[in-house]
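# Fold the stuff below for me.
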Amino acid sequence: MIIFGVDFGDTRTGWAVCDRAEMLAAPAGVLTERRFDVCAQKTAEAARNARAEEIVVGHPLNMDGSAGDRAKKCEEFAEMLRELTGLPVKLWDERRTTVTAHQYLNDTNTRGKKRKAVVDAVAATIILEGYLSYRKNHPDAE
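Purely as a prediction, here's the structure:
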């Protein structure tokens, strides 16, 4: 199944997509858009263009597992994607994914404007990889 990963942000939203076999997740771009509704529409369009059958949106829970303002905004974004696409949309705990994305970019010596341009897509890829790993290890989970 092709799954589309999303790291929603107030200014930049990262996208990732996996192959049909769910083996590889890859960055699929970064959208720079501040308007919530436009961001959701363009993300839905990108998911359709990728032939996605499911969408997973990063859910930035607090370290204690509670949902703060940011997590609630991501929940609203996921619901809007569900309405726009008619696809199943899952929320996936994304705690520390941006930190991990920055570590990956440090390891590859990616700096400056290039780093800013790709960090959100890398974060989306990490979110998607985590979800794919869970699906692989929990085949009966819904």
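# buried residues in stretch 21-29?
22, 25, 27-29 (16 or more other CB atoms under 10 Å). Heads up, the C-betas are built off the backbone N, CA and C, glycines and all.
# got the contact list for it?
1, 3-5, 14-18, 46, 50, 118, 121-122, 124-125, 128-129, 132, 135-136 (CB atoms under 8 Å, 6 or more residues apart in numbering).
# Are any of the residues you listed buried, and if so which?
Buried, going by 16+ other CB under 10 Å: 3-5, 14-18, 46, 50, 118, 121-122, 124-125, 128-129, 132, 135, out of those.
# In strands, which of these appear?
Taking DSSP state E, the ones among the buried ones among the contacts of stretch 21-29 that sit in strands are 3-5, 14-18.
# Of those residues, just say which sits nearest to Pro88.
Nearest to Pro88 among those, counting by CB to CB, is Ile3 at 9.6 Å.
# Local confidence estimate at the closest one?
Looking at Ile3, its pLDDT stands at 97.
# which residues sit in contact with it?
Ile3 neighbours (CB under 8 Å, 6+ apart): 17-18, 22, 52-56, 128, 131-132.
# Do a quick rundown of the helices in the chain.
Along the chain, counting by DSSP state H, helices occupy 36-49, 69-85, 97-107, 112-137.
# which one of those helices has the most crowded surroundings?
Among the helices of the chain, helix 112-137 has the highest mean neighbour count (mean count of other CB atoms under 10 Å), at a mean of 19.
# What pLDDT is listed against the closest residue to Ala44 other than its chain neighbours?
The shortest distance from Ala44 to any residue other than its chain neighbours is 3.9 Å, reached at Leu84 (CB to CB, 6 or more residues apart in numbering). pLDDT, Leu84: 98.
# Kindly report the same for Met80.
Note for Met80: predicted pLDDT of 97.
# roughly how far apart are it and Asp64?
For Met80, the distance to Asp64 (CB to CB, to the nearest Å) stands at 27 Å.
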